[in-house]
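Peer 1: Got a sequence here, can you build the structure:
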Amino acid sequence: MVSRKMGDFSLALGFGLIATILVVITLPIPKQIAEASTIHAASCSYEDVSAAVATATSGDIVMVPACSATWDGNLRITKGLTLQGAGAGSTIITSNYIPPNPNNPSDARNFLIAYQPASPELNETFRISGFTFDLNHHSQGIQLRNDSATAINRVRVDHNEIMNAGMAGGSARAIMIKGTVYGVIDNNSFSGGDVYITSYGLNETSWDHLSFHYGGADCMYYEDNTFVITNTPHDAGAGGRYCARYNTYIHINESAGLYPWYDMHGNQGEGQNHATMGAEIYGNRVAMTTNKGVGIFDQRGGKAVIYHNQVITTSSASAQVREEYADARNPTTNPQPQHVSDSYYWNNWSGSRLVSGRERMTEIQVATGGGSNFLDDSNANFPAGYGEPDRNGLEIVAGSGAGQYRLIVDAQPTRLTVATPWETIPDATSQYRIVSDCCNVIAENAQYYNHNLDFDGRTGIGCGTLTQRPATCIPGVGYWATKQSCAGIEDTNVGDHPATPISGTLYQCTAPNTWTAYYTPYTYPHPLRGETTLEGDVNADGLVNAADIEACVQHILGFQDWGQMADVNEDGHVDILDVQEIVNIISEN
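Peer 2: Here you go, the predicted structure:
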């Protein structure tokens with residue numbers, strides 16, 4: 001049972017009424033705005049909420065009252081709307097839903113709620129807010145899905161409590177982004193689950209039709225959330241992307257450390273997923289309550305800027321960079337390689353220790369002999385996995401054959417066979433190591449750059465004020481220009497709801513002795529949260545355009561309340577003068 005309540009049409013007589021009528025006549029209001037309504041679900045039961053969603057049209061708000069209910073079904077939503085509870089702890093949904101396909105975590109049927117717009121080209125607003133979802137270790141939580149290369153970027157999930165994601169026979173996600181879905185996930189609390197938020201693209205569709213650029217709106221932002229974790233909370237792959245910023249994590253696993261904190265999958269090989277396209281990770285804090293070790297990130301593919309993250313532990317902290325499989329095994333038409341590239345790591349600290357990204361490799365060992373296409377080590381016990389196709393490389397770092405790098409094609413307990421013959425055959429003087437980079441495509445100061453505390457423009461990435469930036473530079477290096485500290489982490493800059501968000505600009509050396517502004521962080525808080533002050537942005541989508549004129553008219557007619565955002569000229573009233581102000585702003589820009 002549902003009820004539909006239209007906003008009251010109440011306008012002052014006189015100029016305001018006449019002007020508003022003129023606006024309505026002059027400006028065509030889309031059908032979804034003209035009919036926007038509030039739908040009240042009779043209860044929070046699965047049946048009543050499903051009925052309310054079925055009754056709603058695009059742009060409507062479905063209000064779910066304060067109550068508790070157990071859901072046995074999967075709620076599928078195909079239109080842009082707001083699903084609004086009475087608040088976390090007030091509207092409580094417990095899952096008793098048994099997913100039909102737990103071996104495929106991306107199957108929409110495995111989620112308690114799945115949103116996939118029928119018409120992504122409309123880019124409708126979608127929001128879920130004000131619920132407690134206890135997934136009860138029965139199902140995954142929320143899937144946000146778009147199988148089209150046409151992006152949707154007005155999606156928000158906020159102010160929810162999501163707990164106990166679990167699925168018999170498979171891993172479970174509290175929230176999964178699948179495809180080209182962008183927006184913000186903010187002010188939620190997560191606990192009692194496995195993986196909390198993951199972002200996966202559409203493989204060839206994503207890589208062949210999309211590009212990734214730092215600092216833009218085309219990303220899913222995770223911000224101002226709290227996570228109680230026992231395992232890796234985030235991963236990405238298949239052309240996915242994400243930005244995790246200003247979140248607080250509390251690690252409570254007494255038996256294991258956190259390896260990694262942030263994950264980015266690489267190319268998985270023929271018939272498998274492509275690599276992650278990119279990530280931004282900054283301003284986060286993790287507290288290891290059991291003082292276990294932390295791997296801040298494991299970047300296996302794509303581009304990343306990872307900076308200003310804080311680890312609280314008495315144990316070790318590290319970060320890993322590696323290649324997964326050769327790009328040629330799963331090629332794309334995108335000029336961006338799938339392997340790690342164009343990545344910068346700076347100002348990540350564990351206590352007083354700066355943490356840098358390092359390639360995963362074995363310790364240096366000494367060979368006992370070799371042949372035209374193999375290396376022997378009678379003291380070794382090489383695992384067969386070292387010979388997995390297009391996976392690992394063998395590097396001779398000193399002694400006979402130093403400087404040679406070869407793909408490993410077979411591994412026996414004491415012998416490694418390489419793909420192409422050695423130019424200089426290794427012998428008992430040869431020192432070697434195995435590297436997780438089959439084809440020698442990633443290297444420090446080429447594909448990735450670490451924070452250099454003694455930066456002089458030649459290697460790594462520097463950090464300091466703009467006036468401290470070296471005049472000379474070698475192409476590829478970076479410099480983070482900021483007035484904030486580069487010698488540690490200030491508590492006011494990290495974790496959820498930071499008192500002083502991180503500010504600065506990343507400059508890249510694009511030609512000898514030429515610095516070019518390359519990256520600045522995207523607007524925080526995210527514009528979809530409606531907390532920014534972009535003048536004229538009534539609908540809080542980060543833009544000022546005709547949609548804001550429509551939103552202001554919608555507010556005047558009483559169809560939807562945009563609050564203070566609609567009072568563009570800040571005179572205490574929302575009327576024709578605010579519409580005119582938006583027109584002026586658009587004209588001026």
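Peer 1: Tell me how many other residues crowd the closest residue to residue 131 other than its chain neighbours.
Peer 2: For residue 131, ignoring the flanking residues on the chain, the nearest one in space by C-beta to C-beta, 6 or more residues apart in numbering is residue 85 at 4.0 Å. Quick note: C-beta positions are derived from backbone N, CA and C, even for glycine. Residue 85 has 27 neighbouring residues, counting by other C-beta atoms under 10 Å.
Peer 1: Show the contacting residues for residue 85.
Peer 2: The contact partners of residue 85, by C-beta atoms under 8 Å, 6 or more residues apart in numbering, come to 44, 64, 66, 91, 129, 130, 131, 132, 160.
Peer 1: mind running it again at 10 Å?
Peer 2: 41, 44, 49, 62-67, 91-93, 128-133, 159-160 (C-beta atoms under 10 Å, 6 or more residues apart in numbering).
Peer 1: Over to residue 518?
Peer 2: Applying C-beta under 10 Å, 6+ apart, the residues near residue 518 are 214-215, 305, 342, 344, 478-479, 505-510.
Peer 1: Please repeat the previous calculation with a cut-off of 6 Å.
Peer 2: By C-beta atoms under 6 Å, 6 or more residues apart in numbering, the contact set of residue 518 is 506, 508.
Peer 1: Phi and psi next, for it.
Peer 2: phi -120, psi -30 (degrees, to the nearest 10).
Peer 1: any idea how far it is from residue 476?
Peer 2: 11 Å (C-beta to C-beta, to the nearest Å).
Peer 1: again, but for residue 196
Peer 2: Distance from residue 196 to residue 476, by C-beta to C-beta: 34 Å.
Peer 1: which of the two has more neighbours?
Peer 2: residue 196 (28 against 18).
Peer 1: so which strand or helix has that one?
Peer 2: Per DSSP states H and E, residue 196 falls inside strand 195-200.
Peer 1: Listing partners with orientation, what would you give for that strand?
Peer 2: Note on strand 195-200: by DSSP bridges, its sheet partners are strand 173-179 (parallel), strand 234-237 (parallel).
Peer 1: which one of those strands lies closest to residue 588?
Peer 2: strand 173-179 (35.9 Å; C-beta to C-beta).
Peer 1: Kindly export the closest one (C-alpha atoms) in CSV.
Peer 2: Extracted in CSV, the C-alpha atoms of strand 173-179 (Å, rounded to 0.1, in the frame of the first residue of the first chain):
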residue,chain,number,x,y,z
ARG,A,173,30.4,-7.0,-0.9
ALA,A,174,28.5,-4.5,1.1
ILE,A,175,28.4,-2.2,-1.9
MET,A,176,29.5,-3.1,-5.5
ILE,A,177,29.9,-0.7,-8.3
LYS,A,178,29.6,-2.5,-11.6
GLY,A,179,30.2,-0.5,-14.8
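Peer 1: for the next helix or strand after it, packing partners?
Peer 2: Using DSSP H and E, the helix or strand that follows strand 173-179 towards the C-terminus is strand 181-186. Contacts defined by 3 or more C-beta pairs under 6 Å, 6 or more residues apart in numbering; DSSP states H and E place strand 181-186 against strand 152-158, strand 220-223.
Peer 1: can you pull out the helices in the stretch 401-550 of the chain?
Peer 2: Listed in chain order, the helices found in the stretch 401-550 of the chain under DSSP state H, counting those that start in this stretch are 546-556.
Peer 1: So this structure: which segments form each domain?
Peer 2: Domain ranges of the chain: 1-31+533-589, 365-435, per automatic domain parsing.
Peer 1: so how far does the shortest one reach from one end to the other?
Peer 2: Here the two ends of domain 365-435 are set 12 Å apart, with distance taken as C-alpha to C-alpha, to the nearest Å.
Peer 1: circling back: indicate which one of the domains of the chain is closest to residue 464.
Peer 2: Closest among the domains of the chain, using C-beta to C-beta: domain 1-31+533-589, at 29.4 Å.
Peer 1: what is the mean pLDDT for that closest one?
Peer 2: In this model, domain 1-31+533-589 has an average pLDDT of 66.
Peer 1: Also stretch 398-417?
Peer 2: Mean predicted confidence for stretch 398-417 is 97.
Peer 1: quick one: terminal-to-terminal distance for it?
Peer 2: 19 Å.
Peer 1: and that stretch, which residues are buried?
Peer 2: 399-401, 404, 406-411, 415-417 (16 or more other C-beta atoms under 10 Å).
Peer 1: Wait, residue 258 touches residue 249, no?
Peer 2: No - Residue 258 is not in contact with residue 249 according to C-beta atoms under 6 Å; the separation is 8.3 Å.
Peer 1: Is it correct that residue 294 is in contact with residue 311?
Peer 2: Yes - here residue 294 lies in contact with residue 311, judged by C-beta under 6 Å, at a distance of 5.0 Å.
Peer 1: Name the residues contacting each of the two.
Peer 2: residue 317.
Peer 1: more crowded one of the two?
Peer 2: residue 311 (28 against 25).
Peer 1: Determine whether the claim that that one is in a strand is correct.
Peer 2: Yes - counting by DSSP: H, G, I helix; E, B strand; the rest coil, residue 311 is found in a strand.
Peer 1: Can you give me the distance of the closest residue to it other than its chain neighbours to residue 419?
Peer 2: Leaving aside its sequence neighbours, residue 311 sits nearest to residue 350 (C-beta to C-beta, 6+ apart; 3.9 Å). Counting by C-beta to C-beta, the separation of residue 350 from residue 419 is 38 Å.
Peer 1: The residue minimising distance to the centre of the chain and residue 523: what is the separation?
Peer 2: The centroid of the chain falls nearest to residue 242 when counting by C-alpha atoms, centre = their mean (1.6 Å). Separation of residue 242 from residue 523 (C-beta to C-beta): 17 Å.
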